[in-house]
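In: give me coordinates for this.
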Amino acid sequence: MKPKLLLTFFSIIFATAILSAQGIEFFHGSWEDAIEQATKQEKIIFVDAYTTWCGPCKRMSANVFTREEAGDFYNENFINLKIDMEKPDGRKFGSKYPVTAYPTLFFLDPKGKVLKKVVGGQQLEGLLRIGDAIVSEFDFSAKYREAYESGDRSFENMVNYLDALNKSGKSSLKIANEYIREAEGLTEAQKTEFYFKAASESDSRLFEEMLRRKTEVIKNSGKLAFEEKVLAAAGKTVDKAIEYENERLLKDAIEVAKKHGGNNSKLFALDAKMNWAFAQKDVKAVLKMAKKRKAYMVEPKDKIKWFKQAELTFSNDNSIMEFSYDLLQEDSETTEDAELISIFTKLLVTMGKKEQALSYVTSARERVKDARTKSYLKNMIRYVESSM
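Out: Modelled structure (predicted):
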């Protein structure tokens, strides 16, 4: 059995694929109000503890919090709060949660317990990685499990239990199947809601029951929510197909997405096939899918993500390097993103184009405005020179 290389890909990306938030939406209210909302919504609280004079704070606010990817993930999973630590509310917050450097990022449970404290500014990738780890580790399901095991078989408790299990990344199939076998007196409306909540994987009877009630689900929850659910469930099955090397399961998931996943089903199929090819280490299949996927790689972040996965899987394969060069070249000429500049520079060095690498990174350093990026690229210049 191959390792779980890609298990977070579909569960995170396709769970929010159709959302279109324009950056993180910060809560407008007091700390006490945020606690109340976190309790009601069963969400973790994310706090950006900042000051108005802090340079890294300003950069995060302008260049990271405003990114669509940050908004998609953080708005879905957190109650987000910005606190100016030099104002009264900030001093009050700081008396309980001391801060010695800015920004300091807090992740707290609805009772105010610190789950993680991160000191210093983060790039987008780091912020998403930290948030993903927090969501994966924190589990709201314990209280519902305790109630369920104590005999509470109310529909409300069961629906909340399923939601909590799914949010924490735990499988809800066993408990959902157990409940539906034993439940008595459920109305058709409750059954429809239950199957919609329980359909976490497309290769399950629960999912089939949801599809059978498609018209009612769309009427109650909307077409968009239904399609998101289909893609998320099919994505979980793709993860399983990759883990157990079951190509039949992969094809079934793609077919379900094609029939019921709406406008994003074509992109879903491309990514499913490409990630299967990555797991099989089939470089020709990866490149075939990547060429088809290229039209969707509009943002530099998409290209960087693909390159990192390709480099990790195939190391210095010439065909991968050539395709990556073509993929990254256009954005590399105008970007001020330190990561993209660094990746393209190292790619040139790997391909033996060391003179071009030196010229490129030197020009990029002159072009960028951010002082920290300039300092970083100075070290990149030294790296290239040392390789020559």
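In: quick one, domains of this protein?
Out: 8-137, 284-388 (automatic domain parsing).
In: redo the ones you listed as JSON lines? Include mean neighbour count and mean pLDDT.
Out: Every C-beta, even on glycine, is put in place using the N, C-alpha and C of the backbone. Shown next, in JSON lines, are the domains of the chain (neighbours: other C-beta atoms under 10 Å; pLDDT from 0 to 100):
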{"stretch": "domain 8-137", "mean neighbour count": "17", "mean pLDDT": "86"}
{"stretch": "domain 284-388", "mean neighbour count": "16", "mean pLDDT": "92"}
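In: so which of those gets nearest Glu216?
Out: Checking the domains of the chain against Glu216 by C-beta to C-beta gives domain 8-137 as the closest, at 20.6 Å.
In: ok now the closest one, how far from the chain's centre?
Out: 15 Å (C-alpha atoms, centre = their mean, to the nearest Å).
In: let's number from 26 now, not from 1
Out: With the count now opening at 26, the last piece we talked about shows up as domain 33-162.
In: can you map out the helices along the stretch 126-275 of the chain?
Out: 149-162, 167-174, 180-192, 198-207, 213-223, 230-237, 239-246, 248-269, 272-285 (DSSP state H, counting those that start in this stretch).
In: now do the last one, average pLDDT.
Out: Pointing back at helix 272-285 there. Taken as a whole, helix 272-285 has an average pLDDT of 97.
In: who touches Thr262 in this structure?
Out: Glu226, Ser227, Asp228, Leu274, Asp277, Ala278, Val281 (C-beta atoms under 8 Å, 6 or more residues apart in numbering).
In: any idea how far Val184 is from the second one?
Out: Translated: Ser227. 20 Å (C-beta to C-beta, to the nearest Å).
In: again with the last one
Out: Taking C-beta to C-beta as the criterion, Val281 is separated from Val184 by 24 Å.
In: same check, this time on the fourth one
Out: Leu274 sits 28 Å away from Val184, going by C-beta to C-beta.
In: do you know how far Leu275 is from Lys309?
Out: 17 Å.
In: I meant Leu236, not that one.
Out: Counting by C-beta to C-beta, the gap from Leu236 to Lys309 is 35 Å.
In: cool, and Phe52?
Out: 49 Å.
In: likewise Asn289?
Out: Applying C-beta to C-beta to Asn289 and Lys309 gives a distance of 26 Å.
In: one step back: nearest to Ala266, out of the domains of the chain?
Out: domain 33-162 (10.5 Å).
In: and Ser227 and Val184? which has more neighbours close in?
Out: Ser227 (30 against 18; other C-beta atoms under 10 Å).
In: related to what we said a few turns ago, let me have the contacts of Thr262 in CSV, adding distance to Lys83 as columns.
Out: Formatted as CSV, the contacts of Thr262 follow (distance: C-beta to C-beta, whole Å):
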residue, distance to Lys83
Glu226, 43
Ser227, 44
Asp228, 48
Leu274, 48
Asp277, 49
Ala278, 44
Val281, 46
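In: out of these, which are buried?
Out: Neighbour counting by 16 or more other C-beta atoms under 10 Å classes Glu226, Ser227, Asp228, Leu274, Asp277, Ala278, Val281 among those as buried.
In: show me which of the residues you listed is closest to Gly260.
Out: Out of the buried ones among the contacts of Thr262, the member with the shortest distance to Gly260 (by C-beta to C-beta) is Ala278, at 7.6 Å.
In: in this structure the closest one contacts Ala297, no?
Out: Yes. With contact defined as C-beta atoms under 8 Å, Ala278 counts as touching Ala297 (6.6 Å).
In: which residues do those two both contact?
Out: Between them, Ala278 and Ala297 share these contacting residues under C-beta under 8 Å, 6+ apart: Ala259, Gly260, Val263.
In: looking at those, which is nearest Glu270?
Out: Once C-beta to C-beta is applied, the member of those that ends up nearest Glu270 is Val263, at 12.4 Å.
In: who are the contact partners of Asp109?
Out: Applying C-beta under 8 Å, 6+ apart, the residues near Asp109 are Tyr75, Thr76, Thr77, Gly115.
In: who's in contact with the second one?
Out: By that I understand Thr76. Cys82, Asp109, Met110, Glu111, Tyr127.
In: one more: Asn185?
Out: Counting by C-beta under 8 Å, 6+ apart, Asn185 has contacts Glu67, Tyr169.
In: and it, how close does it get to Ser388?
Out: Noted for Asn185: a distance of 56 Å to Ser388, by C-beta to C-beta.
In: tell me the SS of the closest residue to Thr129 other than its chain neighbours?
Out: Nearest residue to Thr129 in three dimensions, chain neighbours excluded: Ala74, at 4.5 Å (C-beta to C-beta, 6 or more residues apart in numbering). On the three-state scheme (DSSP: H, G, I helix; E, B strand; the rest coil), Ala74 is labelled strand.
In: quick check: Ala74 touching Leu130?
Out: Yes. Applying C-beta under 8 Å, one finds Ala74 in contact with Leu130, separated by 7.2 Å.
In: thinking again about what came up before, now, which of the contacts of Asp109 sits nearest Ala304?
Out: Nearest to Ala304 among the contacts of Asp109, with distances taken as C-beta to C-beta, is Tyr75, at 41.0 Å.
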